[in-house]
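Colleague: fold the following, please.
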Amino acid sequence: MTTDVMRVEEALAPEPGPRGNDWRVLLGVFTLAGIVESQAFGHLGAFTPLYLQQLGVARAQIPQWTGILQSLAFVIGLPLLPFWGIWAERYGRKIIIIRSAYVEGILFTVAALAPNVWVLAVARFLAGFVFGNTGVMLALLADRTPRGRLGLAVGIASAGFPLGSAIGPLFGGLLAQGPGIRTLLLLDAALSAVMGVVLTLVVRDEQRRRVTDKSAGQLMRTALDDILAAPVVARLFALYFAAMFGISLTTPFLPILLQRLYTGPEAQVAGVIGISLTVAGLAMAATTPLWGRLGDLVGRWRVLPICVGAVALGVLGEALAGSLLPMQGTIAWIGLFQGGIGTTVLALLALLASEERRTTVLNFALVPSQLSWFAGPLLGALLATVTLRLPLFIGAAVLGVALALAVVVGRQAARLTGQADAAGNAA
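Modeller: Got it, this is the predicted structure:
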């Protein structure tokens with residue numbers, strides 16, 4: 001076990017050199033990139049049902065189209081996802097990171113100018129070429145961050161996404177009620193392009209300590225072998241999929257439920273949806289770094305079941321909510337705990353993965369989440385044909401399974417990560 005701790009310490013030590021990226025600068029720009037990206041996609045998630053009405057989709061078909069559009073990005077994005085980390089190892093991390101922002105600028109422009117639902121579907125399909133930046137950013141950040149600050153750094157960087165999701169619906173709702181959803185999406189396109197320029201100017205491609213002439217297929221097989229050779233890592237992947245699948249079954253349909261539970265003036269419904277999601281996003285943004293730091297201090301396998309269990313209770317509360325205020329309260333409750341799931345999983349994998357394979361493994365770590373966001377909305381759209389609340393009940397049940405996995409796997413894995421956590425706390 002001492003050898004394992006030494007390997008973790010060596011893997012998480014920053015590379016020396018005056019020309020290397022400073023981890024605090026990386027943390028700042030990556031957090032900002034997460035805010036810009038998530039607030040833009042948050043607009044699509046929050047206001048797609050309203051936008052579909054403007055595009056002439058019949059009200060009865062909106063739940064089905066909402067689920068289908070949510071899943072379209074994963075048709076191409078999911079097969080490509082593991083390769084982004086591999087290409088980053090071969091061609092440099094910077095090019096993989098910045099292309100996401102530029103693709104976002106294109107797809108939001110297409111979405112803003114869409115004359116019908118089919119062109120909007122093309123824009124959602126293009127989102128598949130955005131995937132893969134998060135794992136590469138976190139791998140670069142993990143290389144540069146002192147190991148005792150890893151959980152906090154991952155938590156702060158991860159908080160950029162819920163913070164953007166919080167800011168997005170609030171201001172997006174105001175713009176949607178005023179200039180309109182098309183103007184909102186054009187603004188998202190412009191901000192994404194500006195973020196691409198910032199990343200291009202700030203992030204440096206460092207001299208890597210490893211050079212490989214292996215093909216992408218060989219590197220992928222190696223990464224899969226590394227994952228499958230460690231039972232704890234493989235079980236962690238299964239746990240992460242179950243948790244995110246339960247969440248993805250429900251999230252796309254929350255704006256529709258909020259709209260149906262709202263009894264005020266129709267013109268204000270966008271603002272109500274925006275405020276409801278903003279409160280949840282602010283809660284998630286505030287608590288995500290705290291869960292990361294708490295994992296540093298008390299152990300990540302203790303934090304993970306708490307977060308999964310709380311989200312499961314929240315989704316069940318959403319399914320049972322009969323009026324607007326309880327629905328808003330349960331959405332906010334979920335926001336307090338949801339960020340801790342991904343932050344804890346990614347921090348654990350950063351500890352367990354070797355330095356040579358960290359970028360690839362962290363990109364593979366996103367596969368369970370992305371697969372869930374492909375399958376969950378599609379299944380949710382099918383279940384919604386029976387009743388709109390059925391996806392929520394099934395989602396709560398799936399999260400219950402994830403909670404059981406978190407408890408069982410946590411007991412098995414605590415022995416393996418305990419000394420690594422202790423080493424990080426001592427640094």
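
Colleague: which element follows the helix or strand that contains Val233 toward the C-terminus?
Modeller: With elements taken from DSSP states H and E, the one containing Val233 is helix 231-248. Where DSSP H and E defines the elements, the next helix or strand beyond helix 231-248 is helix 254-261.

Colleague: does anything pack onto that next one? Which helices or strands?
Modeller: Helix 254-261 sits against helix 23-54, helix 62-91, helix 269-298, helix 324-352, with contacts defined as 3 or more CB pairs under 8 Å, 6 or more residues apart in numbering; DSSP states H and E. Where C-beta positions appear, they are placed from N, C-alpha and C, glycine not excepted.

Colleague: any low-confidence regions in the chain?
Modeller: 1-20, 147-152, 155, 158-159, 162, 206-220, 222-231, 352-363, 410-427 (pLDDT under 70).

Colleague: using CSV, please lay out the helices and strands packed on helix 254-261 together with distance to Phe241 and mean neighbour count.
Modeller: Output for these, formatted as CSV (distance: least, CB to CB, whole Å; neighbours: other CB atoms under 10 Å):
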stretch, distance to Phe241, mean neighbour count
helix 23-54, 20, 22
helix 62-91, 12, 20
helix 269-298, 20, 22
helix 324-352, 10, 23
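
Colleague: CSV for those helices, including distance to Trp373?
Modeller: What follows is the helices and strands packed on helix 254-261, written out as CSV (distance: least, CB to CB, whole Å):
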stretch, distance to Trp373
helix 23-54, 11
helix 62-91, 6
helix 269-298, 16
helix 324-352, 12
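
Colleague: how far off centre is stretch 94-107?
Modeller: On the basis of CA atoms, centre = their mean, to the nearest Å, stretch 94-107 sits 16 Å off its chain's mean C-alpha point.

Colleague: residues touching Ala243, list them.
Modeller: By CB atoms under 8 Å, 6 or more residues apart in numbering, Ala243 lies in contact with 308, 311, 341, 399, 402, 406.

Colleague: out of the residues you listed, who's nearest Val197?
Modeller: Ile341 (32.5 Å; CB to CB).

Colleague: my understanding was that the closest one contacts Ala312; is that so?
Modeller: No. Between Ile341 and Ala312 there is no contact under CB atoms under 8 Å: 10.8 Å.

Colleague: before we move on, the earlier item: now, which of the contacts of Ala243 lie within helices?
Modeller: Taking DSSP state H, the ones among the contacts of Ala243 that sit in helices are 308, 311, 341, 399, 402, 406.

Colleague: for the second one, give its distance to Val345.
Modeller: Right, Val311. 13 Å (CB to CB, to the nearest Å).

Colleague: same deal with the fourth one?
Modeller: As for Leu399, its distance to Val345 is 14 Å (criterion: CB to CB).

Colleague: and what of the last one?
Modeller: Taking CB to CB as the measure, Ala406 falls 10 Å from Val345.

Colleague: pull up the overlap in contacts between these two.
Modeller: 239, 304.

Colleague: residue contacts, Thr183?
Modeller: 112, 175.

Colleague: phi, psi of it?
Modeller: phi -60, psi -40 (degrees, to the nearest 10).

Colleague: could you do Thr145 as well?
Modeller: Torsion angles at Thr145 (phi, psi; degrees, to the nearest 10) stand at phi -90, psi 130.

Colleague: so it touches Ile156, yeah?
Modeller: No. Applying CB under 8 Å as the test, Thr145 and Ile156 come out as separate, 10.3 Å apart.

Colleague: shared neighbours of these two, which are they?
Modeller: Leu27.

Colleague: which stretches of the stretch 101-250 of the chain form strands?
Modeller: Assigned by DSSP state E, counting those that start in this stretch, the strands in the stretch 101-250 of the chain number zero.

Colleague: and the contacts of Ala243 as CSV, adding distance to Leu254?
Modeller: What follows is these, written out as CSV (distance: CB to CB, whole Å):
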residue, distance to Leu254
Val308, 19
Val311, 14
Ile341, 18
Leu399, 15
Ala402, 19
Ala406, 24
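
Colleague: and the two most separated of the residues you listed?
Modeller: Val311 and Ala406 (10.9 Å).

Colleague: list the residues that contact the closest residue to Met244 other than its chain neighbours.
Modeller: Using CB to CB, 6 or more residues apart in numbering and skipping residues adjacent in sequence, the residue nearest Met244 is Ser372, 4.0 Å away. By CB under 8 Å, 6+ apart, the contact set of Ser372 is 241, 244-245, 247-248.

Colleague: how much space separates Ser372 from Val315?
Modeller: Relative to Val315, and taking CB to CB, Ser372 is found at 14 Å.

Colleague: which neighbours do the two share?
Modeller: In contact with both Ser372 and Val315: Ile247, using CB under 8 Å, 6+ apart.

Colleague: just the C-alphas of stretch 60-73, formatted as PDB.
Modeller: Coordinates of each C-alpha in stretch 60-73 appear next as PDB, following Å, rounded to 0.1, in the frame of the first residue of the first chain:
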ATOM      1  CA  ALA A  60     -49.000  17.500 -26.900                       C
ATOM      2  CA  GLN A  61     -45.800  16.700 -28.700                       C
ATOM      3  CA  ILE A  62     -43.500  19.000 -26.700                       C
ATOM      4  CA  PRO A  63     -42.500  16.400 -24.000                       C
ATOM      5  CA  GLN A  64     -41.500  14.000 -26.700                       C
ATOM      6  CA  TRP A  65     -39.500  16.500 -28.700                       C
ATOM      7  CA  THR A  66     -37.900  17.800 -25.500                       C
ATOM      8  CA  GLY A  67     -36.500  14.300 -24.700                       C
ATOM      9  CA  ILE A  68     -35.400  13.700 -28.300                       C
ATOM     10  CA  LEU A  69     -33.600  17.000 -28.600                       C
ATOM     11  CA  GLN A  70     -31.800  16.500 -25.300                       C
ATOM     12  CA  SER A  71     -30.500  13.200 -26.600                       C
ATOM     13  CA  LEU A  72     -29.400  14.200 -30.100                       C
ATOM     14  CA  ALA A  73     -26.000  15.500 -29.100                       C
END
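
Colleague: how far off centre is it?
Modeller: 19 Å.

Colleague: outside of it, which residues touch it?
Modeller: For stretch 60-73, using CB under 8 Å, 6+ apart, the contacting residues are 45, 48-49, 52-53, 57, 117, 120-121, 124-128, 130-131, 252-253, 256, 373-375, 377-378, 380-382, 384-385, 388.
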